[in-house]
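*Asks:* Mind folding the following:
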Amino acid sequence: MNVQQTVVPTLLPSISPSPTLTPSPAPDTSKVVMENEAFRIFEPAPNAEVGTTFTVKGQARVFEAAFSYSFEDGHKVLSEGNVKAAAGAPEWADFEYTVTYEKPSNPVGALIIFEKSAKDGASTNQLMIPLKFNPDIIEPLQ
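*Replies:* Purely as a prediction, here's the structure:
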């Protein structure tokens, strides 16, 4: 006996794949020139020469996204201010700000980035970036 089978296609309901969550990409830390537990600095690099205006770029992981900076030449504070990152801790968040100052009196300076303690206002998580001044802008103390 010869039996012939016929295959009848059946239609299955189409099932769409379940959505997959794509994690946010990790921050690109290959550009980091200095860092500590609260700050990652992309620019300026340590010992870079700066003019009377320069940009600071990086990421911060600080309480309420707030931190401060002071720029000194060894004799005086040339510039200081408060900065807000794009988001507060525990996330790393981008920031960018410009430092503008008058003529320094020394060939080297220091940019100090820090968080102020909510408890007592003390500077915490300080990160000091040594910088050099363009020789044309130095005005020695008399």
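
*Asks:* which regions of the chain sit below the pLDDT cut-off?
*Replies:* 1-29 (pLDDT under 70).

*Asks:* what do you get if the cut-off is 90, keeping everything else the same?
*Replies:* 1-30, 117-119, 121, 140-142 (pLDDT under 90).

*Asks:* max-length strand in the protein?
*Replies:* strand 123-133 (DSSP state E).

*Asks:* So what touches it?
*Replies:* The contact list for strand 123-133, computed with CB atoms under 8 Å, 6 or more residues apart in numbering, reads 34-39, 41, 44, 46-50, 62, 68, 73, 104, 106-117. Using the backbone N, CA and C atoms, a C-beta is placed for each residue, glycine as well.

*Asks:* Report the distance from that strand to the chain centre.
*Replies:* 14 Å (CA atoms, centre = their mean, to the nearest Å).

*Asks:* quick one: strands adjacent to that strand?
*Replies:* strand 49-50 (parallel), strand 108-116 (antiparallel) (DSSP bridges).

*Asks:* out of those, deepest packed?
*Replies:* strand 108-116 (a mean of 19; mean count of other CB atoms under 10 Å).

*Asks:* re earlier: export the longest strand of the chain to CSV, keeping only CA atoms.
*Replies:* Output of strand 123-133 as CSV, limited to C-alpha atoms (Å, rounded to 0.1, in the frame of the first residue of the first chain):
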residue,chain,number,x,y,z
SER,A,123,36.8,71.4,50.8
THR,A,124,36.7,67.7,49.9
ASN,A,125,37.8,65.5,46.9
GLN,A,126,40.3,68.2,45.8
LEU,A,127,42.0,67.6,42.5
MET,A,128,44.9,69.9,41.7
ILE,A,129,46.0,70.4,38.1
PRO,A,130,49.4,72.1,37.6
LEU,A,131,49.4,74.5,34.6
LYS,A,132,51.9,76.8,33.0
PHE,A,133,51.3,80.4,31.9
